[in-house]
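Visitor: Turn this into a model:
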Amino acid sequence: MSQVPWISVSEARSAASTGKSVELRGWLRTRRDSKGGFSFLEINDGSCLGNLQVVAPGELSNYESVVKNLSVGCSLIVTGEIKASEGQGQATEMLATSVQMIGDADPQTYPLQKKRHTFEKLREWAHLRPRTNTFGAVTRVRNRISFSTHQFFQEEGFLYIHTPIITASDCEGAGQMFRVTTLPAENPPRDPQGKVDFSKDFFGRSAYLTVSGQLEGEIFATACGKIYTFGPTFRAENSNTSRHLAEFWMIEPEAAFFDLNDNMALAERYVKRILKDVLNDCAEDMQFFDERVEPGLIAALKVVLDKPFERISYTEAISILEKSGEKFDYPVSWGSDLQAEHERYLTEKHVQGPVILYNYPAAIKSFYMRMNEDGKTVAAMDVLVPRVGEIVGGSQREERLDRLLARMKELGLSEQDYWWYLDLRRFGSVPHSGFGLGLERIIQFVTGMQNIRDVIPFPRYPGSAEF
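Guide: Model (predicted):
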């Protein structure tokens, strides 16, 4: 066992580590041999974007046999002293007293050699792409946002609950759900009408992967006050776009006695908290995204962090768009859903900052949203940000039993399927609100990455379930 402490590359790069004898464990990014009889090794362990330069002197016993044959991607354990670096752009470097190769990486077959690969190509190597600068940075930002989410809601007094992955309820009423079944696909049991008999299935009925934890979240909000869920959700949409996944992660708070204004204020605080933490704690990674992925990214994020979110009703937004003089690909009219081009006009040209749209037409929103007194709109809200458009969607929920029943009848939804949801309105009903934020959407926004498939470790989309 080593007699010196094992520290991370991130810690070793700090000037505070100067003079310490330590051990590093990581992967070789580059090797450069000097005519002076020593080699420069760049080591990375994923703890930070930057590498640590290790100077391996020719006096090492395995210098000729091992060090001079090290290849990109091999794993190493290196021991030595951290010294102040004389080179530019780095505070420290290591003078090695021992270099041990743990796992080789054949340069003839290791894909991540020193050349630029497209993000599309790297998706084929999802098991190796976290070793690249971009995906290492995405991973650290994703980690920070996830941690910030728990910190924020815990500090706000919300309880973290786990809603079911397998469900019989379609929260969105869209029917785009993955079925979960143990029935044999080649010869399922049939009922007298010749239809598949799901009463013979594992759960005795049709079951699906969840599209949202919201409805079950409302159960706990109407008992525990304020709750949030943070888990995987699934949509069987045949969408091959840069903004859609079949499997993604959702953050969904739900709060009793919250109206729409409370909900909008909570969403604004949450988004600002995420941006503040990422800019403070992932500064090196964010600088990388600003320089290599989307120039001007940090300045754009600071606009959202610093500016109050302007609140505009849907009806007012339609009027603004109609009077804008802009030629949109999709026509603007009251009652139609806003497209990304409309959302970007509102944020980037009209307000030049973040916007919360509220009070949408009932016809384009879900059954559970609270009907406003005008009988035409519901208490729904979307948070829009420049460059991206919508990143948060939510509403005040319909707490009045008669209104909810009328809306379900209008949409042809079965009362029997939602008996327990209706019971929440029968027994101690209260006004309550919540929203949903897709983790991958906010990571896209924060990092400037153009394709959502590149901000999740193993993307699932039509035709692809690799790894």
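Visitor: ok, which stretches of the stretch 301-450 of the chain are strands?
Guide: In the stretch 301-450 of the chain, the strands defined using DSSP state E, counting those that start in this stretch lie at 310-313, 355-361, 377-385, 389-396, 432-438.
Visitor: now do the stretch 1-150 of the chain
Guide: With DSSP E, counting those that start in this stretch, the ranges of strands along the stretch 1-150 of the chain come out as 21-34, 38-44, 52-57, 75-84, 92-103.
Visitor: low pLDDT regions in the stretch 51-200 of the chain?
Guide: 170-175 (pLDDT under 70).
Visitor: all helices of it, in order?
Guide: Assigned by DSSP state H, counting those that start in this stretch, the helices in the stretch 51-200 of the chain fall at 119-123, 133-155.
Visitor: what angle do the last one and strand 21-34 make?
Guide: When axes from the mean of the first three to the mean of the last three CA atoms, to 10 degrees is applied, the directions of helix 133-155 and strand 21-34 differ by 150 degrees.
Visitor: Against which helices or strands is helix 133-155 packed?
Guide: Using 3 or more CB pairs under 8 Å, 6 or more residues apart in numbering; DSSP states H and E as the contact criterion, the secondary-structure elements in contact with helix 133-155 are strand 159-160, strand 226-234, helix 260-281, helix 283-288, helix 439-447. (C-beta placed from N, C-alpha, C; glycine too.)
Visitor: Among these, which comes closest to residue 8?
Guide: Put simply, out of the helices and strands packed on helix 133-155 the one that sits nearest residue 8 is helix 283-288, at 13.6 Å, with distance taken as CB to CB.
Visitor: avg pLDDT for the closest one?
Guide: Confidence over helix 283-288 (mean pLDDT, whole number) is 98.
Visitor: Same check on stretch 408-417?
Guide: Mean per-residue pLDDT for stretch 408-417: 92.
Visitor: can you check stretch 30-44 too?
Guide: Throughout stretch 30-44, pLDDT has a mean value of 95.
Visitor: Name the residues of that stretch that come out as buried.
Guide: Judged by neighbour count (16 or more other CB atoms under 10 Å), stretch 30-44 contains these buried residues: 31, 33, 38, 39, 41, 42, 43, 44.
Visitor: export stretch 136-151 as PDB, just CAs?
Guide: Taking C-alpha atoms only, stretch 136-151 is exported to PDB below (Å, rounded to 0.1, in the frame of the first residue of the first chain):
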ATOM      1  CA  GLY A 136     -16.500  15.300 -18.900                       C
ATOM      2  CA  ALA A 137     -17.600  18.900 -18.500                       C
ATOM      3  CA  VAL A 138     -21.200  18.000 -19.300                       C
ATOM      4  CA  THR A 139     -21.100  15.300 -16.600                       C
ATOM      5  CA  ARG A 140     -19.800  17.700 -14.000                       C
ATOM      6  CA  VAL A 141     -22.400  20.300 -14.800                       C
ATOM      7  CA  ARG A 142     -25.100  17.700 -14.800                       C
ATOM      8  CA  ASN A 143     -23.900  16.600 -11.300                       C
ATOM      9  CA  ARG A 144     -23.900  20.200 -10.000                       C
ATOM     10  CA  ILE A 145     -27.400  20.900 -11.300                       C
ATOM     11  CA  SER A 146     -28.700  17.700  -9.800                       C
ATOM     12  CA  PHE A 147     -27.100  18.500  -6.400                       C
ATOM     13  CA  SER A 148     -28.400  22.100  -6.600                       C
ATOM     14  CA  THR A 149     -31.900  20.800  -7.200                       C
ATOM     15  CA  HIS A 150     -31.900  18.800  -4.000                       C
ATOM     16  CA  GLN A 151     -30.300  21.700  -2.000                       C
END
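Visitor: Run the chain-centre distance for that stretch.
Guide: 8 Å (CA atoms, centre = their mean, to the nearest Å).
Visitor: hang on, the earlier thing: may I see the buried residues of stretch 30-44 organised as TSV, with distance to residue 433 added?
Guide: Rendered in TSV, the data for the buried residues of stretch 30-44 read as follows (distance: CB to CB, whole Å):
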residue	distance to residue 433
31	57
33	63
38	64
39	61
41	55
42	51
43	49
44	44
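Visitor: Of the residues you listed, which is the nearest to residue 72?
Guide: Within the buried residues of stretch 30-44, distances to residue 72 taken as CB to CB reach their minimum at residue 31, with 7.5 Å.
Visitor: Which of the strands of the stretch 301-450 of the chain sits closest to residue 145?
Guide: strand 432-438 (9.9 Å).
Visitor: So what's the gap between that closest one and the chain middle?
Guide: Its chain's C-alpha centre lies 15 Å from the corresponding centre of strand 432-438 when counted by CA atoms, centre = their mean.
Visitor: Could you figure out how far that strand is turned away from strand 389-396?
Guide: 160 degrees.
Visitor: Use 29 as the first number for this chain going forward.
Guide: In the new numbering, first residue 29, that becomes strand 460-466.
Visitor: Other residues contacting strand 460-466?
Guide: Applying CB atoms under 8 Å, 6 or more residues apart in numbering, the contact partners of strand 460-466 are 240, 242, 245-246, 249-250, 276-288, 290-291, 294-295, 298-299, 407, 409, 411, 419-425, 427.
Visitor: Relative to it, what are the paired strands and their orientations?
Guide: Taking DSSP bridges as the criterion, strand 460-466 forms sheet pairs with strand 275-284 (antiparallel), strand 417-424 (antiparallel).
Visitor: Mind listing what's buried along it?
Guide: If you call a residue buried by 16+ other CB under 10 Å, then strand 460-466 has these buried ones: 460, 461, 462, 463, 464, 465, 466.
Visitor: Could you work out the most separated pair of those residues?
Guide: Greatest spacing in the buried residues of strand 460-466, by CB to CB: 460 and 466 (21.5 Å).
Visitor: contacting residues for residue 193?
Guide: Residues counted as contacts of residue 193 (CB under 8 Å, 6+ apart) are 237, 238, 259, 260.
Visitor: Kindly write the PyMOL command that selects the buried subset of the residues you listed.
Guide: Applying 16+ other CB under 10 Å to the contacts of residue 193 leaves a buried subset, and the PyMOL line that selects it is:
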select buried, resi 237+238+259
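Visitor: on that earlier part again, so can I have JSON lines of the strands paired with strand 460-466 showing distance to residue 115?
Guide: Listed next are the strands paired with strand 460-466 as JSON lines, based on distance: least, CB to CB, whole Å:
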{"stretch": "strand 275-284", "distance to residue 115": "40"}
{"stretch": "strand 417-424", "distance to residue 115": "41"}
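Visitor: out of the ones you listed, nearest to residue 360?
Guide: Each of these has some distance to residue 360 by CB to CB; the shortest is strand 417-424, at 14.9 Å.
Visitor: now that closest one and helix 467-475, what's the angle there?
Guide: An angle of 140 degrees separates the directions of strand 417-424 and helix 467-475 when computed by the same axes, to 10 degrees.
Visitor: now strand 417-424, how far from the chain's geometric center?
Guide: When distances are taken as CA atoms, centre = their mean, strand 417-424 is centred 15 Å away from the chain's centroid.
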